[in-house]
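Novice: Predicted model and sequence follow; I will ask about them next.
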Amino acid sequence: MNPSPAIEVRDLSKRFGDVEAVRGVSFSVKEGEIFGFLGPNGAGKTTTIKMLCTLLAPTSGALRLAGFDVTKSPEDVRRSIGVIFQDPSLDDRLTAEENLELHAVVYGVPRAERRARLDEALAFVELSERKKDLVRTFSGGMKRRLEIARGLVHRPRVLFLDEPTTGLDPQTRKATWEVLRGLRDRNGMTLFLTTHYMDEAENCDRIAVIDHGRIVAEDSPEALKRAVGKDVVFVRTNEPAALCAVLAERYGLTPDRTEEGLCFRVEDGEAFVVRLVSDVRVAVTGIAVRRPTLDDVFLALTGRQIRNGNGEAGRDTMRAMARRR
Amino acid sequence: MRAEVVYHLARRDVVKFLRDRQSLVATLVRPLLWILAVGFGLRRAVGTGAIGVDFVSFLVPGVATMAVLFSSMFSAVSIVWDREFGFLKELLVAPVPRATLVFAKMISASVTALLEVSVVLLVSPLFGARIDPLGALLAIPVLVAFGMSVSALGITVASRMKTFEGFGGIVNFLIQPVFFFSGALYPLEGLPPALAAVVRLNPMSYAVDATRGLCVGVHHFPIPLDAGVVLAALALLGTLAVRSFSRMQA
């Protein structure tokens, strides 16, 4: 209904002394879109979000949010946004309800609507029964849900989420995403989030891949994966050296040795595997073909593996090392 | 500035102050220890000649002002806590002018300080102090203004301090001379010139003087001058606090 984009960023830069944390970033986010900033820690994600939320003044560049100039009318911007920070930002010596109530007052939710909004937000994140309890008695996941509820109380047009599911267990992460998608689908809220989880980025309508303060790609997850193109093939064998030689000679491939076997990239992996098995005399003990993931996208774009904080780090690092050789 | 926002922000601090039972009791009892130990300890030696009233009566307004000083200054530590536990970001991203946040903090500081003052003034007759009830009521606005200015100083320090220890260090460094050079414990008549000069520069001296004048009828400066100095300190320190707090980045 509003033709102006929810977020519009042009040539945004931020310098801290000698360090250029964000270097000339431009993008725009449509109303009702889920837009993700994907990048490793230290890529400039949080710095960008802080500038969008009026918490940090940009060194240069133009920022518009919900039609307002972020540097010129910060209070209009603050009224239009909700922010769910990377680190906890609740008062844990107040009850869940008190936290939300203070938020509602500060954001000017009319008194007559306050109770209904609070109850609705608490019900939405399934914390109604704990509303009279001090937040310090909550688990990490409950605190996260309460922060999401708080971000919704004033019905912002744009909700910012900095690493929304970091430190949450898989079930809670899944539940959190259901909540977030529900928000967009039901209320048409615009979501801007940062993440270094690849699987989380899959939930976005559009992703900007950010590395060293620059956007290196921007598209839908599917399109990004398509752009990387090739399928990834893993072949297990007891004679890796022999198979390597064959792959190099006949197909011009230079496979990486990984835990899961020899790994290489080809167009249409399934067809290639059929051909390979009939062609080659080396005994193959296992084969796997997979479509490119965002991990592969990131690797292809930056030459580096993104660090995954969810227990896959070991495997990913090994794979990255194997690939780098 | 929306009054409701100030009310809710200040209420948060007061609720937390009242919720922490152990430290509440300790805070309320501490000034009474001063009256008991120092008041009764020195009462005989001091007599009434030099000060015009019984020493315990003389001391009670000083201790009440001291309670405001300590309580208001340390209430600003909540800013450091809020930064440490992340709540400060929630406040800074809210559509509320920074001055409102500062003002609310000053209000909550003076409310908690007033609770302590009330205990001191209500209990002191049990120790034999002769406090004029009407005068005590008139002293309350002076103590509120003084408490707000002290908390403004605390906010200024807290806005520039990144750590709890840093805040504690600076505040202790500030609070001792302000307290000892204020006339909270001794009369201002007949002081050595150097000490008298320092005392005259200290805004707390005027807060103590006004409180003492109104509560027990003994004072050194004209009370309108006392009130004027306290208000001037409030204006100056309040401006400084808003400026420091606004400059702070999350």
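Specialist: Okay, I see it.

Novice: do the helix or strand containing residue B:15 and chain A meet?
Specialist: Assigned by DSSP states H and E, residue B:15 belongs to helix B:3-19. Yes: residues of helix B:3-19 contacting chain A under C-beta under 8 Å from any C-beta of the partner chain: B:4, B:5, B:8, B:9, B:12, B:15, B:16, B:19. For glycine as for every other residue, the C-beta is placed from the backbone atoms N, C-alpha and C.

Novice: Just give the closest residue to residue A:204, not the sequence neighbours.
Specialist: Excluding the flanking residues, the one nearest residue A:204 by C-beta to C-beta, 6 or more residues apart in numbering or on different chains is residue A:36, at 3.6 Å.

Novice: contacting residues around that neighbour?
Specialist: A:193, A:194, A:195, A:200, A:201, A:203, A:204, A:206, A:207, A:208 (C-beta atoms under 8 Å, 6 or more residues apart in numbering or on different chains).

Novice: Tell me the secondary structure at the last one.
Specialist: Reducing the assignment at residue A:208 to three states with DSSP: H, G, I helix; E, B strand; the rest coil gives strand.

Novice: ok, now the second one?
Specialist: Using three-state DSSP, the secondary structure recorded for residue A:194 is strand.

Novice: how many other residues sit next to it?
Specialist: 26 (other C-beta atoms under 10 Å in any protein chain shown).

Novice: Over to the first one?
Specialist: Residues lying near residue A:193 (other C-beta under 10 Å) number 25.

Novice: Report the contact partners of it.
Specialist: A:34, A:35, A:36, A:37, A:160, A:161, A:162, A:163, A:164, A:180, A:200, A:204.

Novice: In a strand, the fourth one, correct?
Specialist: This points to residue A:37. Yes: remark: residue A:37 belongs to a strand, assigned using three-state DSSP.

Novice: So the residue nearest to it when sequence neighbours are not counted versus chain B, what's the distance?
Specialist: Nearest non-adjacent residue to residue A:37, counting by C-beta to C-beta, 6+ apart: residue A:194, 4.2 Å away. From residue A:194 across to chain B, the span is 15 Å (C-beta to the nearest C-beta, to the nearest Å).

Novice: which ones are touching residue A:194?
Specialist: Applying C-beta under 8 Å, 6+ apart, the residues contacting residue A:194 are A:36, A:37, A:38, A:39, A:45, A:46, A:48, A:49, A:86, A:161, A:162, A:163.

Novice: so residue A:169 sits right up against residue A:142, yeah?
Specialist: No: Residue A:169 lies out of contact with residue A:142 (C-beta atoms under 8 Å); the separation is 11.8 Å.

Novice: And for residue B:189, the neighbour number?
Specialist: Neighbour count of residue B:189, defined by other C-beta under 10 Å: 12.

Novice: Could you do residue A:118 as well?
Specialist: Residue A:118: 23 neighbours (other C-beta under 10 Å).

Novice: distance of residue B:192 from chain A?
Specialist: For residue B:192, the distance to chain A - C-beta to the nearest C-beta - is 47 Å.

Novice: Repeat that for residue B:86.
Specialist: 4 Å.

Novice: On the three-state scheme, the residue nearest to that residue when sequence neighbours are not counted is what?
Specialist: Leaving aside its sequence neighbours, residue B:86 sits nearest to residue A:89 (C-beta to C-beta, 6+ apart; 3.9 Å). Per three-state DSSP, the secondary structure class of residue A:89 is coil.

Novice: ok, residue A:89 - how many residues close by?
Specialist: Residue A:89 has 23 nearby residues by other C-beta under 10 Å.

Novice: I figured it was touching residue B:91, is that so?
Specialist: No: using C-beta under 8 Å, residue A:89 is not in contact with residue B:91; the gap is 9.0 Å.

Novice: got any ranges where chain B has weak pLDDT?
Specialist: In the predicted model, chain B carries pLDDT under 70 at residues B:1, B:250.

Novice: try it again with 80
Specialist: Residue ranges of chain B with pLDDT under 80: B:1, B:48-50, B:249-250.

Novice: Which helix in chain B has the most residues?
Specialist: In chain B, taking DSSP state H as the definition, the longest helix is helix B:133-160.
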